[in-house]
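In: Just need the structure, nothing else, for what follows:
(chains A and B)
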Amino acid sequence: MSLTTAAPAPAPTAATRDARRPRRPRTLSAFRSGPFTYGLLLILSTIFMVPLVFVISIALSSDASVSSGQLFVLPREWEFANFARIFQTSLPVGSFLVNSVIISVTSAVGQVLSSSIVGYAFARLRAPGKKVLFFVVIATMMIPAQITMIPQFWIFSELGWVDTFLPLIVPQFFSNAFNIFLVRQFVTRIPFEMDEAAQIDGLGHFGIYSRLILPLMMPILIAIAIFTLTAMWGDFMGPLIYINSEDKMPLALGVQYLTSTSQELQTPPWNLIMVGSIFLSLPMIIIYYFGQKYMYEMNLSAGSAGAK
Amino acid sequence: MTSTDTGLRADADAAPQRSGRPRAQTAPHRRKEALTFYLFISPWIIGFVGFLLGPMLFSIYLSFTRWDSFTAPVWVGLDNYITLLTDDPIFLRVMGNTAYYSLISVPLGMVVSLFIANLLNKKVRFRKVFRTLVYLPHLIPIVAVALIFQMVFAPEAGPLNQALAMVGIEGPNWLMDENWVKPALILMSLWQAGGGTILLLAGMNGIPKEMYEAAEIDGAGGMRQFWSVTFPQLTPVIFFNLIMGIIGSFQVFAQVFILTGGGPDNASQMAVPMLFDEAFRFYHMGYGSAIAWILFVVIMAFTALAFATSGRWVFYESEVRS
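Out: Residues are numbered from 1 along each chain as shown, chains lettered A, B, ... in the order given. I've put the predicted structure just below:
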């Protein structure tokens, strides 16, 4: 919550924009807003917030009030100890967290490395068959992952990779179509004259890629890293299929495991589950807060993907 | 893109022609460039063959077999497909549920996100705060969302039914009621609709202010401006959201798996959770593969339908500018 209050007023950009044009009263009704707008926004924001307040409320509740089934939207108790207690359950929550970090960071590195070089090649290098290959790249975006789920499971179990992180991480090093597309779009907009100048100076293709274009692609690569991090951090089905041992589970699977391992007829430890959900959500919120500039960049490219 | 069309002429240039034209000297460079291209894209090629094309072909084959993943697959021809489409007591219901979920949650989510985006596009104070509040649910991993909503939908203690009780309505036992379980899942998906607003807001930012000024001078009010300026200008983004929404909603998994397990009485069972159960719980790998291919065809059909009708309502900027 403290994130939002720190947001500065967006005044300066509007002011500078206005300064450029002749002063004229702004009466555009599309941009006018009255109490009605604020009322609607307030109601909507409340609806969007209630479940989150509820999460915090339960996370701070004592075991007794959770098992009695008395749940309140606003916190009645402040059991901050729950945030430490989650590490003392029979489940290795600490390693859930570490596993999640390992899996998502390695995957992000893999996606950034592979899609940057593949995307660069599609944007800059000339080769026969490139158009067809790029069409194939785009076409693969339409194929749902479920089609390859069963054969991939077979491949990874033949390799003896089941119950390791490898089935989750290794495919990320071979880039995905959407990221290739994003990099290609981004690199296409970098002036070609720069490459020509570098070529005259004797730089090869790899040199142009690594010394010239790679630093310029940073915004889109950060966006891809964030996108991969969040996708892998929240991934549920992958670990569900491939990870069996408790100590190898990432948090997304582990938190859910907390609900299913509790004895039958016994209320699951909802306060701890909600603490787990907070642990699962908070990194995403922090990443978004610091990375929204770059995510916005990626979204814009995605938007222009729809437009062209 | 000059690079692609010159690339296609690479063969013609490969013939030695030292006629003094400077660009002839590029022939060996071209070959080197092409080789570099293939080297650079090799991660994608390996991934494409190893993790996509190969598995896809294997998956087609498997869908014509009975396979428990321990013994050799047994060829059964079209049996899996015939059973699924004519003789499986739950598959058609599952596809119906999936379609119901998608056809309601996707349009509704688009309306909600468009509505919010339009509100936030106005000059409101605390715009950043509102924008963050609305977007926050979208940042929460679906596993956590499912766990949260398991509590939200709790029959007596949950905040949803408590709020309904305040206005004198006795809320249903959402997740245990055959009639309410799908609406519950749709409600949950709407909670995350704020994700779509970010793209829409970006699109709205790109609409030239002059268009609104012109509309204003022509006497158009707020609603009219929305329908005549904002909406047509946004249709490419809306179309993008539609396609992504269709593809995503047909692949719903974690929500169902965690919240309902498909129950009660398969009222909320969807295609991917069923596929998961068949393949990884009952080891019906062939049957599961056939489900995957039917799902693929259905997603393709809906996507194609969206594309086919897009010419009528999606308005591309190049059509105005050029």
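
In: Tally up the residues packed near the nearest residue to residue A:277 once chain neighbours are set aside, please.
Out: By the measure of CB to CB, 6 or more residues apart in numbering or on different chains, the closest residue to residue A:277 outside its immediate chain neighbours is residue B:144, 3.9 Å from it. Where C-beta positions appear, they are placed from N, C-alpha and C, glycine not excepted. Taking other CB atoms under 10 Å in any protein chain shown as the neighbour definition, residue B:144 ends up with a count of 29.

In: Could you pull up the residues touching residue B:144?
Out: Applying CB atoms under 8 Å, 6 or more residues apart in numbering or on different chains to residue B:144 gives the contacts A:234, A:252, A:255, A:276, A:277, A:280, A:281.

In: State the distance from the fifth one to residue A:180.
Out: Using CB to CB, to the nearest Å, we find residue A:277 at a distance of 33 Å from residue A:180.

In: and the residue of the stretch 151-300 of chain B found nearest chain A, what helix or strand is that in?
Out: Of the stretch 151-300 of chain B, the residue with the smallest distance to chain A, taken as CB to the nearest CB, is residue B:240 at 3.0 Å. With the criterion set as DSSP states H and E, the secondary-structure element containing residue B:240 is helix B:231-249.

In: Give me the neighbour count for residue 177.
Out: In the absence of a named chain, this looks at chain A. Residues near residue A:177, counting by other CB under 10 Å, number 22.

In: meant chain B, my bad for not saying
Out: Number of residues near residue B:177 (other CB under 10 Å) recorded here: 15.

In: what sits against the closest residue to it other than its chain neighbours?
Out: Excluding its sequence neighbours, the residue lying closest to residue B:177 (CB to CB, 6+ apart) is residue B:264, at 7.3 Å. Counting by CB under 8 Å, 6+ apart, residue B:264 touches B:176, B:177, B:178, B:181.

In: who are the neighbours in contact with whatever residue of the stretch 101-250 of chain A ends up closest to chain B?
Out: Across the stretch 101-250 of chain A, the shortest distance to chain B (CB to the nearest CB) belongs to residue A:174, at 2.6 Å. Neighbour list for residue A:174: A:110, A:114, B:43, B:44, B:46, B:47, B:48, B:50, B:51 [criterion: CB under 8 Å, 6+ apart].

In: low-confidence ranges in the chain?
Out: No chain specified, so I'll use chain A. Residue ranges of chain A with pLDDT under 70: A:1-33, A:70-71, A:261-266, A:296-308.

In: wrong one, I was asking about chain B
Out: Scanning chain B with the threshold set as pLDDT under 70 gives B:1-26, B:317-322.

In: Do a quick rundown of the helices in the stretch 51-200 of chain A.
Out: A:63-67, A:82-85, A:93-124, A:130-140, A:146-158, A:166-169, A:177-188, A:193-200 (DSSP state H, counting those that start in this stretch).

In: what would those look like in a markdown table with distance to chain B?
Out: Converted to a markdown table, these look like this (distance: least, CB to the nearest CB, whole Å):
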| stretch | distance to chain B |
| --- | --- |
| helix A:63-67 | 10 |
| helix A:82-85 | 15 |
| helix A:93-124 | 4 |
| helix A:130-140 | 6 |
| helix A:146-158 | 4 |
| helix A:166-169 | 10 |
| helix A:177-188 | 6 |
| helix A:193-200 | 9 |
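
In: Need the phi and psi values for the residue nearest to residue B:177.
Out: Comment: the main-chain dihedrals of residue B:264 come out as phi -80, psi 140, following degrees, to the nearest 10.

In: Tell me who's in contact with the residue in chain B positioned nearest to chain A.
Out: Nearest to chain A, among the residues of chain B, is residue B:47, at 2.6 Å (CB to the nearest CB). Listed by CB under 8 Å, 6+ apart, the contact set of residue B:47 reads A:114, A:171, A:173, A:174, A:175, A:176.

In: just residue B:252 next, same as before
Out: B:98, B:101, B:185, B:270, B:272, B:273.

In: Quick one: neighbours of the third one, just the number.
Out: In other words, residue B:185. Burial of residue B:185, expressed as a neighbour count using other CB under 10 Å, amounts to 27.

In: Please determine how far it is located from residue A:269.
Out: Distance, residue B:185 to residue A:269, by CB to CB: 25 Å.

In: just the last one next, same as before
Out: Residue B:273 sits 25 Å away from residue A:269 when distances are taken as CB to CB.

In: which residues in the stretch 51-200 of chain B form strands?
Out: Here the stretch 51-200 of chain B has its strands, by DSSP state E, counting those that start in this stretch, at B:65-66, B:74-75.

In: Would you list the strands that the first one pairs with, along with their directions?
Out: Under the criterion DSSP bridges, strand B:65-66 sits next to strand B:74-75 (antiparallel) in its sheet.

In: List the contacts of residue 111.
Out: You didn't say which chain, so I picked chain A. With CB under 8 Å, 6+ apart, residue A:111 has these contacts: A:172, A:173, A:175, A:176, A:179, A:224, A:225, A:228.

In: Since that was my last question, I'll sign off now.
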